[in-house]
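Visitor: What would the 3D arrangement of this be:
(chains A and B)
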Amino acid sequence: MATTEEIRAQLADIVNDVAGVDQADVQLEKNFVDDLDVDSLSMVEIIYACEEAFGVSIPDEDAKDLKSVGDAVSYIERAQA
Amino acid sequence: MSATIKASQGAPYSRIYGVGGERGNRVVSNAEMCTIIDSSDEWIQQRTGIVERRWATEDQTPLSMSLVAGRKAIERSGVDPSQIDGVLVATGSHTQQFPSLAVSVAAGLGLKDPAATDLSSACAGFCYGLSLADSMVRTGSAKYVLVVGVEILSRQTDFTDRGTAFLFGDGAGAVVVGPSESPGIGPVVWGSDGDAADVIWTDEWNAALEAGKKPVIHMEGNKVFRWATTFIAEKTAEALEAAGLAPEELDVFIPHQANNRITDSMLRRMHLPESVVISRDIRQMGNSSAASIPIAMEALLESGEAKSGDTALVIGFGAGLVYAGQVVLLP
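Guide: Numbers count the residues shown, from 1 in each chain, chains lettered A, B, ... in the order given. Have a look, this model is predicted:
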């Protein structure tokens, strides 16, 4: 079972790959749009990459509620449990 | 009694002989676009790569633009027009159900008695046409086929929708496909998913007209983006494999010019070598649906970024949802 920090770190790699955001900035309290300047198209790619990387399914109606890095990490933790 | 029917026989292979394009006469900058919709140059460029788009002027029609592009393609092909016995026009901009635009294009070009019809495959239309032309030539249904992709999307744009209004451009692109002793058009990878017919669509015409409105284009941008960057990226790689090529053997990649961000995402997944020339024609053209690939092909050849004989991967994808992709040798 991956720890919260492991999931955050892997998500940080994805956000870096898709949107060019420094991994160190991808912290739980950060908001994707307001703090990390990730736009809606990059969010689509990030969600898809998370589905592949973490083996979870994130439907569109849930994806739109994932505002912060912490939201995404918690969602992935729950989905993997 | 079952009689034996004689079957037609065509050329062993086909190839593209020539390409021609015609763009809308009017250059519309993002700044001008932002006088129509609430947006910004930076926002549009960041999300799509579009710097400016081309719109048809009043005197330009799908027919007039098809004729200019068609004439250029035929002239460059070196094929005598009397040899062209097939015309396929891919378009979503012809405003009559019949007669088809293809018969008018054929007549306007002075072609004598060719088989002629339109294709309704949206942004995949040109690649659908290319595949059908390849089949026609190889089965002997036609010797030379003119394939045209043409759109005037600015006349079908919802200018109250700030999510799509800035995307579209107008133009025509054409190629002549004919017989070849070696393969010049690879196997097509294509398909459709009508369960996703509600992702990109135009208004049902009767309903729109009865409501006193012009039928316009609608799109669920994020759904299209996700489909294009996942499923279509895989199909694009399949088209390369179907032609028996490794990524290192590819010279040029001309995806439908839907959005530079889609192209970027495809490239991240496909791992093409740096040496591959990538078409970014959308920057100056906007998204011209069925016309985007042949117009982009002409631009790369004219600029010298690509040359005759180069191996190019093309893929069209859009409303349907539909897609078609293949590897071709550039004329």
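
Visitor: Flag the shaky bits of chain A, pLDDT-wise.
Guide: A:1 (pLDDT under 70).

Visitor: near chain B, which residues of it show up?
Guide: A:Asp17, A:Val18, A:Asp39, A:Ser40, A:Leu41, A:Val44, A:Glu45, A:Tyr48, A:Asp60 (Cβ under 8 Å from any Cβ of the partner chain). C-beta coordinates here come from the backbone N, C-alpha and C atoms, glycine included.

Visitor: May I have the distance across stretch B:17-29, first residue to last?
Guide: 34 Å (Cα to Cα, to the nearest Å).

Visitor: which residue sits closest to residue 49, ignoring its sequence neighbours?
Guide: Because you didn't say which chain, this covers chain A. A:Ile14 (4.6 Å; Cβ to Cβ, 6 or more residues apart in numbering or on different chains).

Visitor: Please refer instead to chain B.
Guide: B:Asn260 (2.7 Å).

Visitor: That neighbour - how many residues pack around it?
Guide: Residues lying near B:Asn260 (other Cβ atoms under 10 Å in any protein chain shown) number 20.

Visitor: Could you do the one 4 residues further on as well?
Guide: When counting by other Cβ under 10 Å, one arrives at 16 neighbours for B:Asp264.

Visitor: The one 5 residues further on now?
Guide: Using other Cβ under 10 Å, B:Arg269 has 16 other residues around it.

Visitor: residues contacting the residue nearest to A:Ala49?
Guide: Contact analysis of A:Ile14 by Cβ atoms under 8 Å, 6 or more residues apart in numbering or on different chains lists A:Ile46, A:Ala49, A:Cys50, A:Ala53.

Visitor: Check whether it sits in a helix, strand or coil.
Guide: helix (DSSP: H, G, I helix; E, B strand; the rest coil).

Visitor: Tell me the spacing between it and A:Ile47.
Guide: The spacing between A:Ile14 and A:Ile47, counted by Cβ to Cβ, to the nearest Å, is 10 Å.

Visitor: Can you pick out the ones from the residues of chain A next to chain B that are in strands?
Guide: With strands taken from DSSP state E, there is no overlap with these.

Visitor: residue boundaries of the strands in the chain?
Guide: In the absence of a named chain, this looks at chain A. Using DSSP E, strands in chain A do not occur.

Visitor: that's the wrong chain, I meant chain B
Guide: With DSSP E as the criterion, chain B has strands spanning B:13-23, B:26-29, B:52-55, B:84-91, B:115-119, B:144-152, B:170-180, B:189-192, B:200-202, B:217-219, B:252-255, B:277-278, B:311-318, B:322-329.

Visitor: I'd like the ones you listed as TSV, with mean pLDDT appended.
Guide: Below are those laid out as TSV (pLDDT from 0 to 100):
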stretch	mean pLDDT
strand B:13-23	98
strand B:26-29	97
strand B:52-55	98
strand B:84-91	98
strand B:115-119	98
strand B:144-152	98
strand B:170-180	98
strand B:189-192	98
strand B:200-202	96
strand B:217-219	95
strand B:252-255	98
strand B:277-278	97
strand B:311-318	97
strand B:322-329	98
